[in-house]
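Visitor: Okay, predicted coordinates and the sequence, questions at the end:
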There are 2 protein chains.
Amino acid sequence: MQLLRSTRLISRLGIGPLFPQNDTTVAALPAWALSSQPWRGVKTVPDSPVTTGRERLVILGSGWAAGRLLRDINSSLYDYTVISPRNHMVFTPLLASTCVGTLECRAVALSLTDIQPHLKDTWNKFFLADALAIDHDRKVVTCNNGSSEDNFEVAYDKLAIATGSQGSTFGIPGVEQRTHFLRDVANSSAIRKHLIENWNKANLPTVSQADRQRLLHVVIVGGGPTGVEFAGELSNFISSDLMRMDSTRARDIRVTIVEGMQLLGSFDARLREYAATKLHKQGVSLVKSMVKEVREGSLVLQNGDILPYGICVWSTGVGPTEFTTSLHFAKTARGRIAVDDHLRILVHSTRPEEHGPTTPGQVQHHHEESHEESSNAGFEPLKDIYALGDCCANVEGPLPSLAQVAEQQGKYLAKQLNREAQTQRATEQRPEWPAFQYHHLGSMALVGGSSAIVELGDANKPHLSMTGFKSWVAWRSAYLTRLGNMRNRFYVMFNWTLTMLLGRDMSSW
Amino acid sequence: MQLLRSTRLISRLGIGPLFPQNDTTVAALPAWALSSQPWRGVKTVPDSPVTTGRERLVILGSGWAAGRLLRDINSSLYDYTVISPRNHMVFTPLLASTCVGTLECRAVALSLTDIQPHLKDTWNKFFLADALAIDHDRKVVTCNNGSSEDNFEVAYDKLAIATGSQGSTFGIPGVEQRTHFLRDVANSSAIRKHLIENWNKANLPTVSQADRQRLLHVVIVGGGPTGVEFAGELSNFISSDLMRMDSTRARDIRVTIVEGMQLLGSFDARLREYAATKLHKQGVSLVKSMVKEVREGSLVLQNGDILPYGICVWSTGVGPTEFTTSLHFAKTARGRIAVDDHLRILVHSTRPEEHGPTTPGQVQHHHEESHEESSNAGFEPLKDIYALGDCCANVEGPLPSLAQVAEQQGKYLAKQLNREAQTQRATEQRPEWPAFQYHHLGSMALVGGSSAIVELGDANKPHLSMTGFKSWVAWRSAYLTRLGNMRNRFYVMFNWTLTMLLGRDMSSW
């Protein structure tokens, strides 16, 4: 009906192709109704999805876990649909570099269709939308694209939940409104813009010296790898670029890390000490405290002290997303979806009725006070529904929220799903899955322009190493070769070269 | 007072550098008060501006005119201050390419400090601010940086106004709120984001076929070079990238140019015809009409017809900015600042009192009905205040709003100002200025992936040429060599290569 009406309108308008020999009149042929195909054709695929006979795999998310699963899934065995509010994956380990322009955002963002070219096939889909609910009885996911459009449902045979975590505010007032998270490229763009904005504001004759110092004070809440790497990048930006730009103003910049616990707590003591010395030499200060409130232009600390800031970056930890919290599955004490060692989602093995009614839409709250469950006893796995990455954990051995954990889980799940489909085709039987095993490749953090710390192998016998920029590049490049494509590798190399040769660009819009 | 308070607070907090050997306590040394300089030094320049004895040149703007003036001005003859709401210049002739990702925004934005490295010297300044008013009696410009900070004044000995023009809405309702201009990188970023957003929305199962077609209908109002180039880039993006992505959806995309007059009106008839044929072949439609109103999702045309759109780009012409309109100088009939052939600003040669009182802040409205003045009779030039670029025109021979006009004026003004300062140093006399003369280098427009039209030399004996992508690249590169730096040239080459090899990136945030 609506189509008819708009076709009629267009037809009345007389939109048509240009007729250059007589460009004062317009052809009456309606553009909508043009039977010829105006865009020069590439490969033509059928208009409507054909019945392929393959199982439908739905993947929620587009981070490390979803990205690796998507890359490795065999397109001749599954038809897949990816549902995510982002059409790209972010190379999170390189994200801190984009905040100051060492790398551009485009260097660290990877289109999903570049990860998996078969995602362009008609029977595979990408929906730019949030998952809202899962009905595993009917095997559908309810989604919404965030605008006023109605919800829609996507049916699945197998479902992989990889919706990740979110920056945790710990319920502290003002965090959401006044600080920057550092989780995706939109965040790092905003931080870069804010930095240059404050740098320019600090130059205005109307700004008092106190305001200038406040504007140029960057406070990073959280002393984990992200916070430390950002502090390192920032001090390098200040000493190599801003000092050349205007040394008077650059001398007023201060970088402070606020951390209530240990700096780089997950690293070995010797490495922590090395990192701290490096940061100190680079002029980064530390306040050992917790934040009670984020006000406009100042932080209120635990003891009531006030810390003025121009820019506040919040990188203290992650918690479950609203979606994860709303799901009616078993959870760990920290609110992550409980999975077994096959990444299968767990539910209480007793009937849900015995735990009281759980109607869809009702939010199952996560109880902070409960202890981490130490075994899967009393739970049973659901069939054909899996969780991987930050959104989930195995209660018998919860793994940290790391890119390499998520990526290995994606690899594992793709392999098992591929094997299962192949075996079923051949023998009509489901094969046994081996347990997922995590191999810790080590940790590394860049602490300033030319120094990095690295911890290789597993935690029991760590190979410690205090190392330089070159190893860091090698380490980071390994991430790129793991999942990046030509575009990203070119971009990263190009950006690094440009930064080394010409410094960082300060244009901002 | 405020400084004291905040210093005391910080001191109470005990912010200090990290002491890695004992990281559970925090040093009591206040960070603000650190006497040592934490950022490793580069060149140290004096803290406060010294008296250089040079004349102070203030440049308002950061476009082609201001950019060329800034590049060519002799830093040993003038101390200069640039005041602009942007800290970079935009290569406007390449801007249409950034809307679809053929080039990235950073390739076409050029930091002012890259144009003129001496802008970093202590005695030269850049203020990220809008100019609000000029008091030529006191020789000060009043500025504001757009946030809540107070206005501030910048004193000058010589003033160059190059604040440009703005996209004209012609008073048509809805243009400001619902269409995209295509004048700077923020615009082109927004267009690119909107395109990919609509492309993804059109894929949702909840969207009707009529809505899908509306979402995928890009309407360009204005058939000048910008509109035509954008249409060309867009159809190339559709046929080379989106058709590969999802040919079913790509076939629903329509591109329409709405133009009330001639397509590419400034070009020769034969070239116009060639361009129109090319656009037609690429599937671009033309509606010959004017727009009466821009509603949410549809345009109302002059005859009352309704044209639905998903994205509307407004590129129909330019008009004076609010700042230009507010200035108490003589204006042309189109509201541009009237200048003589030395680019000096004109005022009525009779005393202002005879024209009634003009108090500062009172806006002198531009009368659309008045005729273009045809001579400078009755006007006299002011001393030491110049206008150049789009914001001004010589009533005896107004020039079009083109990058090459602005750029030549910038070059001319820099040369004359340099010569004047040199002569004054040597002889204490002001030299005579030759008249500014514009050399038309020709016009060129890219009409789709591999075709361009070019018009060389002056309008009286045009060298016509219908040419290809290669000449376009050469032409555009000439712009880059004219004012671009290494970074931009590298970026443009890199982006073009990447686009040719790997197609355009579709990641969006």
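Guide: In hand now; what should we look at?

Visitor: Would you mark the buried spots in the longest strand that chain A contains?
Guide: The longest strand of chain A (DSSP state E) is strand A:379-387. For strand A:379-387, a neighbour-count test (16 or more other CB atoms under 10 Å in any protein chain shown) marks A:F379, A:P381, A:D384, A:I385, A:Y386, A:A387 as buried. Glycine gets a C-beta too; all of them are placed from N, C-alpha and C.

Visitor: what residues are up against the fifth one?
Guide: By CB atoms under 8 Å, 6 or more residues apart in numbering or on different chains, A:Y386 lies in contact with A:K158, A:L159, A:A160, A:I161, A:V339, A:H342, A:L343, A:R344, A:I345, A:L413.

Visitor: The last one: what's it in contact with?
Guide: Okay, so that is A:L413. A:L413 neighbours (CB under 8 Å, 6+ apart): A:L69, A:A160, A:L343, A:Y386, A:L388.

Visitor: Once you drop chain neighbours, what's closest to A:A133?
Guide: Nearest residue to A:A133 in three dimensions, chain neighbours excluded: A:T142, at 4.4 Å (CB to CB, 6 or more residues apart in numbering or on different chains).

Visitor: For the helix or strand that contains A:D114, give me every contacting residue.
Guide: Taking DSSP states H and E as the criterion, A:D114 maps to helix A:112-115. Helix A:112-115 is contacted from outside by A:62, A:67, A:70-71, A:82, A:84, A:87-89, A:119-120, A:126, A:483, A:485, A:487, B:245, B:505-506, using CB under 8 Å, 6+ apart.

Visitor: quick check, distance from that helix to the centre of its chain.
Guide: Distance of helix A:112-115 from its chain centroid, counting by CA atoms, centre = their mean, to the nearest Å, is 15 Å.

Visitor: which parts of that helix are buried?
Guide: Result for helix A:112-115 [16+ other CB under 10 Å]: buried residues A:L112, A:T113, A:D114, A:I115.

Visitor: I'd like those as a markdown table, with pLDDT appended.
Guide: Below are the buried residues of helix A:112-115 laid out as a markdown table (pLDDT from 0 to 100):
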| residue | pLDDT |
| --- | --- |
| A:L112 | 93 |
| A:T113 | 90 |
| A:D114 | 89 |
| A:I115 | 90 |
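
Visitor: Out of those, which is nearest to A:L441?
Guide: A:I115 (20.4 Å; CB to CB).

Visitor: just checking, what packs against the very next helix or strand once past the helix holding A:D114?
Guide: Next along the chain after helix A:112-115, taking DSSP H and E as the criterion, comes strand A:125-128. Under the contact criterion of 3 or more CB pairs under 8 Å, 6 or more residues apart in numbering or on different chains; DSSP states H and E, strand A:125-128 touches strand A:78-84, helix B:185-201.

Visitor: and for the last one, what are the contacting residues?
Guide: The one in question is helix B:185-201. A:87, A:126-128, A:145, A:147, A:149, A:509, B:90, B:95-96, B:98-101, B:105, B:108-109, B:180-182, B:207, B:215-216, B:218, B:242, B:249, B:310-311, B:313, B:506, B:508-509.

Visitor: again, 6 Å this time
Guide: The contact list for helix B:185-201, computed with CB atoms under 6 Å, 6 or more residues apart in numbering or on different chains, reads A:128, A:509, B:90, B:95, B:98-99, B:105, B:109, B:180-181, B:215, B:310-311, B:506, B:508.

Visitor: List only buried entries from those residues.
Guide: A:128, A:509, B:90, B:95, B:98-99, B:105, B:109, B:180-181, B:215, B:310-311, B:506, B:508.

Visitor: Would you mind giving the secondary structure of A:Y412?
Guide: What DSSP: H, G, I helix; E, B strand; the rest coil gives for A:Y412 is helix.

Visitor: For it, list the residues it contacts.
Guide: So A:Y412 contacts A:F436 (CB under 6 Å, 6+ apart).

Visitor: Please identify which residue in the stretch 301-450 of chain A comes closest to chain B.
Guide: The minimum distance from the stretch 301-450 of chain A to chain B, using CB to the nearest CB, falls at A:D305 (4.6 Å).

Visitor: How many neighbouring residues does that residue have?
Guide: 18 (other CB atoms under 10 Å in any protein chain shown).

Visitor: Check A:R40 and give its pLDDT.
Guide: As predicted, A:R40 sits at a pLDDT of 41.

Visitor: next one: A:S168
Guide: pLDDT, A:S168: 89.

Visitor: Disregarding residues adjacent in the polypeptide, which is nearest to it?
Guide: Spatial nearest neighbour of A:S168, excluding adjacent residues (CB to CB, 6+ apart): A:G319 at 3.6 Å.

Visitor: any idea how far that neighbour lies from A:D390?
Guide: 10 Å (CB to CB, to the nearest Å).

Visitor: just A:L95 next, same as before
Guide: Distance, A:L95 to A:D390, using CB to CB: 15 Å.

Visitor: And A:Y309, by the same measure?
Guide: Counting by CB to CB - A:Y309 and A:D390 are separated by 28 Å.

Visitor: now swap in A:L299 and tell me
Guide: In terms of CB to CB, A:L299 sits 27 Å off from A:D390.

Visitor: Same check on A:Q404?
Guide: 12 Å.

Visitor: Same drill for those two, tell me which one is more crowded.
Guide: Per other CB under 10 Å, whichever of A:Q404 and A:D390 has more neighbours is A:D390, with 29 against 19.

Visitor: For that one, which non-adjacent residue is closest in space?
Guide: Nearest one to A:D390, counting by CB to CB, 6+ apart, is A:S165 at 4.0 Å.
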